Every structure is written in C-alpha cells, then in structure tokens.
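1. Mind looking at a prediction? Sequence and model below.
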Amino acid sequence: MKHLVKLSGTLLLCGALVAGFSSCSDDNGDNNGSSEKKEQMQSILKQYVEGTVYSTYSKLADATGTLYEELKAAKNKMVNDPSSLTQADLDQICETFKTARAYYEESEAFLFGAASDFGIDPHIDTWPLDVSTLAGQLTNKNHLERMSGDDDDAIAFAGGSLGQELLGFHGIEFIIFRNGKNRTVSDMMSEETDEAFTSIGAHVTGKEELIYATAVAGDLRDKCWQLEVSWNEDAPAAHKQRVADLELPSSVVGNGWSYGKNMLEASKAGSTYATVQETMVTILQAGCENIADEVANTKIGNPYGNGKEPDPNYIESPYSERSFIDFKDNLISIQNSLYGGRSESRSETNSIMNYLQKHNYANADKLATDLNAAIAALENCQNKLKGGFVNNTKDPLVGVAQKAVQTLDEDLTNAANWFAMQ
C-alpha cells in the first residue's frame, strides 16, 4: 500500500536546513542572501507556481472531470440500454483515464502541499487495489444500491465508505483495463472472471462494475478539484463552488491562504515560509527528492527486491501495465519543477536549473545529465519489456533504471543542500 512516511522525514530535514539559513547568508543581515539572488529566486518561484503547479493541477482537474462524465454516460447506457454501449465508448474512457493519470503522476514532485496535508494522495492513489474486498463490496446489494442512486449521494458513499484501498485511480483502472488492454463490450456484458471474484462465487456484472467505477470517478474528480482550488485561488468558479459545497479544506492552516499564495508570499508577513530560499529547498527536497526516492526505493524497489525479499504484489498500475510510464511521468514532474514549467508553459530563464548554472553550482550539469539518464532508463524498460513491470519485476533493465533514479535522488539532495547554503 502506498504511504507517505518518507515525506514527513523529508520535511524535518528541510527544517534543519532552513534553520541554518541565517548563518549562511550575506553579511548585510538579509537572510535571503543578496537582493539580486532573492529577486532571481522570486522569479523562479512565480514561474514554478504558475507554470508547473497551477498548470498541472488545472489539466488534472479538467481530465478527471471528463473521466467522470464519460463513465457516468457509459453506466447510464448499461443501466438503461446495454446494447447501446460501444467499444468506442470504452476506448475513449481508457484514453481519458491515461491522460488524467499522466497529469497526476506529473504532479507528484509537489506532494508536499495540499496533496499530503489533506490526505488526498493516499485517498486517490493507494495500491495495491484490494481486489478481494472489492469482490465483496460488489456483491453487497445495499452498497450497490447506494452507489446507484443520486450522483452526489453515490459519490459521497464511495468516498466516505469504501476505504482508500478501493478508491481512486487504481479502482477505476481495474474496471477498464485488464492485462494491459482496454476492457471490451463483451467483457462488460459478462460476469467478472478475476480469481478474487470467482473464488468466492461472486457473480458481478459489467453494469455493477461501471456503477462502482462511476462513483469512484466522481470522488476522484472532487479530490482533484480540491487540489486545484487549494493551490490556485483563481481556479474555475464551478470547481471552487463544488469544493465549498462539500466543505473540503482548501487553505493553508494558520493563514487561510491558498498554497500558491502562501508560496508566492514567502518571506512576507503571514507566509509559513520564512524566506524565499526556504521555498527552493522545499521544492528540491520535499518535492523532487521525495518522489525520486519513492520511485527508486519503493515503487521499483519493493517489487524488484531492494536488498530484501521482493513483494510481487506491490505493483503500481498492474492492470493497464503502465508502471514504467507512471515512473517516467514522476520524473517529468521533477523535470518540470527544475526547468521552469511544463513544456507548453516553460521559462528556463526563470528556473532552478538556470540558477544553479548561473551561480556556478559544481554539479549542475551532472544533475541535468542524470535526470535525462533516469528518464531514458525508464523509457528503455517501457520499450523493451513487453507486459510492463508486473510481468518483468526481475529483469536486469529494471535494476539499471533503479540505480539511475537513485543517482538522481542523490543529486537532488546535494542541490538542496547547496541552495540551503546560499
């Protein structure tokens, strides 16, 4: 099961680094260093918040909203006229899922914000899916009735009663993918054949599976809208209203600001960030390094072995067989954080990488090279290991990719340490 224990430890380390800022700054008493450096970091921060975080969460919010609407339409077809469901309907749902999934994985370099504070990440992205419990839930007539009712009631029941092992991306993934392929209309017209279902004599239909997936997708949408609204106070009004109606928390504890404003106001009265410099360390250590560590030592490490007994069940995205793509997208989230935004909203001039190079950080080129090497190693696994990670957990190419990401992890820690001493 996914957990965020590493994150809290990382934040403690960031705090220790930040505690030493004042002794490392210029003699003029400015804890941010020279005014020129502070201005550069403020420009980096603005581009990071707007070009990386806002942009990614906006796309995620839109994609999960679309996913819910498409699943609801498919569910309604199955309920009202099963013969009207087409393969094109299912294929479109799968494509939308993959789009939404990519945006979420590309957000994991900033889990230090609302995603962790409000427990959103474990709520929507815990694995492995508890398929045995799911089989029981889908044979529970009362629970199915609750998920079949009014849209908002169905979503509320799923989000509040199913538990994180049955929610989010991986619950939906199980319903719409199997063995790396899109489920078919024929699958949906038949009973579920997974062993966890057949072993207990669970007679579950595609209609019932789509009822479940739709309710879970509504909860997923709401949580992703909560992420967007929590960071960006200029999020769409409909998203803000939905979050308000559900009474979901969406502001920084202590000042009531959005997470974006809290970061952009670093060093000013009210912000939880004492210095702009602190935000740079947070981005690198609590954000980028945290997800690099998780990819190398948990997502890859647990199934591969990681120096201990491997856990073959600890596979992210096994039903779509997109684990290597997930891992690569996690590194893309690091790339976007370091290089000044997503590719369509990037400004490398106002980026952490540019700052490292401009101020002669000795290992700037190594960080850039190792990031590219880690992405390439995962792409190599994706291209050469047919059947995904779930069918290739012990392949030597996986070990090569793990070492590449571990090297990147070390680079990010070193860069954070360097920033803390500026």
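-> Received it, and whenever you're ready, just let me know what you need.
2. chain center to stretch 231-238: distance?
-> Taking C-alpha atoms, centre = their mean, to the nearest Å, one finds stretch 231-238 lying 19 Å from the centre of the chain it belongs to.
3. again, but for stretch 283-294
-> 13 Å.
4. what does the average pLDDT come to for that stretch?
-> The average pLDDT within stretch 283-294 is 98.
5. before we move on, what about stretch 173-193?
-> Here the average pLDDT along stretch 173-193 is 97.
6. Mind listing residues that contact that stretch?
-> With contact meaning C-beta atoms under 8 Å, 6 or more residues apart in numbering, stretch 173-193 is reached by 78, 82, 85-87, 90-91, 93-94, 97, 101, 129, 131, 134-135, 138, 197-198, 202-207, 209-210, 212-213, 317, 319-322, 387-388. All C-beta spots, glycine's among them, are computed from the backbone N, C-alpha and C.
7. for that stretch, which positions count as buried?
-> Within stretch 173-193, the residues that count as buried by 16 or more other C-beta atoms under 10 Å are 173-178, 180, 182-183, 185, 187-188, 192.
8. residue boundaries of the strands in this protein?
-> Assigned by DSSP state E, the strands in the chain fall at 177-178, 181-182.
9. which of the contacts of stretch 173-193 are buried?
-> 78, 85, 90, 93-94, 97, 101, 129, 131, 134-135, 138, 197, 202, 204-207, 209-210, 212-213, 317, 319-322, 388.
10. which ones among the residues you listed are found in helices?
-> By the criterion of DSSP state H, membership of these in helices covers 78, 90, 93-94, 97, 101, 131, 134-135, 197, 206-207, 209-210, 212-213.
11. and which of these is nearest residue 46?
-> residue 101 (28.3 Å; C-beta to C-beta).
12. Next one: the closest one from residue 317, what distance?
-> The spacing between residue 101 and residue 317, counted by C-beta to C-beta, to the nearest Å, is 8 Å.
13. Return every residue with contacts to both of these two.
-> Common contact partners of residue 101 and residue 317 (C-beta under 8 Å, 6+ apart): 169, 173, 326.
14. Distance check, the second one against residue 127.
-> Yep, that's residue 173 we're talking about. Distance of residue 173 to residue 127, computed by C-beta to C-beta: 9 Å.
15. Between these two, which contacts overlap?
-> residue 317.
16. Check the contact between residue 303 and residue 309; I expect there is one.
-> No. Under the criterion of C-beta atoms under 8 Å, residue 303 makes no contact with residue 309, lying 10.9 Å away.
17. who's more crowded, those two?
-> Remark: of residue 303 and residue 309, residue 303 carries more neighbours, 23 against 7, as counted by other C-beta atoms under 10 Å.
18. Helices of the stretch 1-150 of the chain, start to end?
-> Assigned by DSSP state H, counting those that start in this stretch, the stretch 1-150 of the chain shows helices spanning 5-19, 21-24, 35-47, 55-80, 87-105, 114-117, 120-124, 131-137, 141-148.
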